[in-house]
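output the structure for:
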Amino acid sequence: MRMSVKSFRRKPINLSQEKLIKTDFFKSEQRLPLLVEPLVDGIDLAVWATSNLEWIETQILNYGGVLFRNFNINKVNGFEHFIKIISEKLIEYSYRSTPRSQVSGKIYTSTEYPAEQSIPLHNEMAYSRNWPMKIWFCCVEAAEKGGATPIADSRKVFQRINPKIKEKFIEKKIMYVRNYGQGLDLQWENAFQTTDKSFVTSYCRDAGIEFEWRDGNDLRTCQVCQVVAAHPKTGEMVWFNQAHLFHISSLKAEVRESLLTMIQEEDLPRNALYGDGSKIENSVIEEIKEIYQQEAILFPWKEGDILMLDNMLTCHGRQPFAGKRKVVVGMAEPFCA
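Model prediction:
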C-alpha cells in the first residue's frame with residue numbers, strides 16, 4: 001500500500017530549554033556578558049523567550065548582561081518584537097543628553113557622535129532621577145573596524161571607588177547644570193522633544209529640575225541627583241551617575257580653553273558639580289574614569305547580535321569606528337528614584 005504525502009506528518013518534538021540553546025562566556029574569567037546561542041537551526045528567539053522569561057530575568061540579574069547571537073534577527077521590527085516579549089512597554093527617549101534619531105516606534109539609533117569619538121562607559125539616563133531598568137542594543141550592521149560597545153559591571157565600579165571619594169559624593173550628591181540654546185550642544189527643543197515652553201516648564205517642575213528661561217530662547221536647568229543607587233530587585237549597590245561625562249574636564253583641553261574665552265564657566269553647555277554647587281576636583285574625575293577603563297569588557301559585534309543589559313547593574317559605551325555602523329537601541333521598564 002502506498003502512503004500519500006498528506007498522510008505522512010512529522011510528529012512534534014519537545015526539546016528542553018537546555019537542548020535548544022547553549023550558554024558560554026567570551027573569557028572564562030569574565031562573567032559578562034552571558035553568551036546565549038541556539039543549538040538547532042530555525043529557533044524563533046521571540047517564541048523561545050516567551051517560554052523562558054523567568055530564566056532570562058534570572059540571568060540578567062545575575063550577570064547584568066546577556067548577548068543573544070546567531071538567532072537570525074537583523075531587522076529592526078524583529079528586534080522591537082523581541083523586546084516587547086520581555087518588557088511589554090518600551091519607553092521614549094525623553095529629557096535627552098545626546099543626539100539620536102527615531103528608527104521605528106520606540107527604537108532609536110545609538111548616540112550619533114562622530115565615528116572618531118569614543119563614548120565613555122555610563123548607565124543610561126543616570127543624570128536624572130528617572131531611567132530605564134532595561135536597555136537593548138541590536139547590531140544591524142557591524143563596523144568595518146572598531147565600533148565595539150564596551151560594558152562594565154556597575155557593582156564592581158562601586159566597590160572600587162575610593163571610600164573617601166565615595167563618602168563625599170554620597171553626602172553631597174551631584175548637581176547637573178545644562179545650558180541650552182547656544183548652538184554648542186543640544187537645543188532644548190531636541191532634549192525635551194517639543195517646541196512648547198509650557199510643556200518643558202511643567203516637565204521640569206514635575207521632575208524636580210530647577211529651570212530658568214533666559215534671554216531669547218535660551219534655557220538653563222539644574223538638578224541634584226543620586227551618586228549611587230541600590231538595585232530595586234537585588235539590593236546591590238551600584239555607582240550610578242554621569243559626573244564623568246558632564247564634568248568640564250570631559251571636554252578636550254583645547255575645546256575647554258576656547259569655550260572659556262567666550263563664556264563663563266557657569267554658562268558651559270553642561271557641567272557636573274557637587275550637590276552644594278562646589279566644584280568636583282579634576283583628580284577625582286580622572287580616578288573614576290580610570291576605574292571605568294580598567295573594568296571595561298570588549299567583544300566584537302556580529303550582525304544580528306542582541307545585547308540585553310540591566311541598566312543599573314551594567315554600564316555601556318562606544319569605541320571609535322571606521323566604515324558604516326548601525327546599532328539600534330530600545331529601552332523599557334521606567335524607574336523613578
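
what about residue 68, how many residues close to it?
As a burial measure, residue 68 scores 25 neighbours (other Cβ atoms under 10 Å). No exception for glycine: its C-beta is placed from N, CA and C like everyone else's.

may I have the phi/psi pair for it?
The phi/psi pair for residue 68 (degrees, to the nearest 10) reads phi -90, psi 120.

so where do the strands sit in the stretch 51-200 of the chain?
65-68, 102-104, 107-109, 119-122, 130-141, 145-146, 151-153, 174-180 (DSSP state E, counting those that start in this stretch).

now these in JSON lines, with mean pLDDT and distance to residue 279?
JSON lines is the format used below for the strands of the stretch 51-200 of the chain (pLDDT from 0 to 100; distance: least, Cβ to Cβ, whole Å):
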{"stretch": "strand 65-68", "mean pLDDT": "98", "distance to residue 279": "34"}
{"stretch": "strand 102-104", "mean pLDDT": "90", "distance to residue 279": "37"}
{"stretch": "strand 107-109", "mean pLDDT": "93", "distance to residue 279": "33"}
{"stretch": "strand 119-122", "mean pLDDT": "97", "distance to residue 279": "20"}
{"stretch": "strand 130-141", "mean pLDDT": "96", "distance to residue 279": "26"}
{"stretch": "strand 145-146", "mean pLDDT": "96", "distance to residue 279": "34"}
{"stretch": "strand 151-153", "mean pLDDT": "98", "distance to residue 279": "26"}
{"stretch": "strand 174-180", "mean pLDDT": "96", "distance to residue 279": "10"}
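
distance to residue 199 for those strands - can I get that in a markdown table?
Shown next, in a markdown table, are the strands of the stretch 51-200 of the chain (distance: least, Cβ to Cβ, whole Å):
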| stretch | distance to residue 199 |
| --- | --- |
| strand 65-68 | 35 |
| strand 102-104 | 18 |
| strand 107-109 | 20 |
| strand 119-122 | 27 |
| strand 130-141 | 16 |
| strand 145-146 | 39 |
| strand 151-153 | 34 |
| strand 174-180 | 14 |
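
please identify which of those is closest to residue 233.
Closest approach to residue 233 among the strands of the stretch 51-200 of the chain (Cβ to Cβ): strand 130-141, 8.7 Å.

run me through the strand neighbours of that closest one, direction for each.
With DSSP bridges as the test, strand 130-141 is paired with strand 306-310 (antiparallel), strand 326-336 (antiparallel).

which of those strands sits most buried?
Mean neighbour count (mean count of other Cβ atoms under 10 Å) peaks for strand 306-310 among the strands paired with strand 130-141, with a mean of 25.

contacts for that strand, please.
Contact with strand 306-310 is made by 33, 45, 56, 60-61, 64-68, 71, 73, 79, 82, 86, 133-139, 149, 151, 231, 316, as judged by Cβ atoms under 8 Å, 6 or more residues apart in numbering.

now that strand: how far from the chain's centre is it?
9 Å (Cα atoms, centre = their mean, to the nearest Å).
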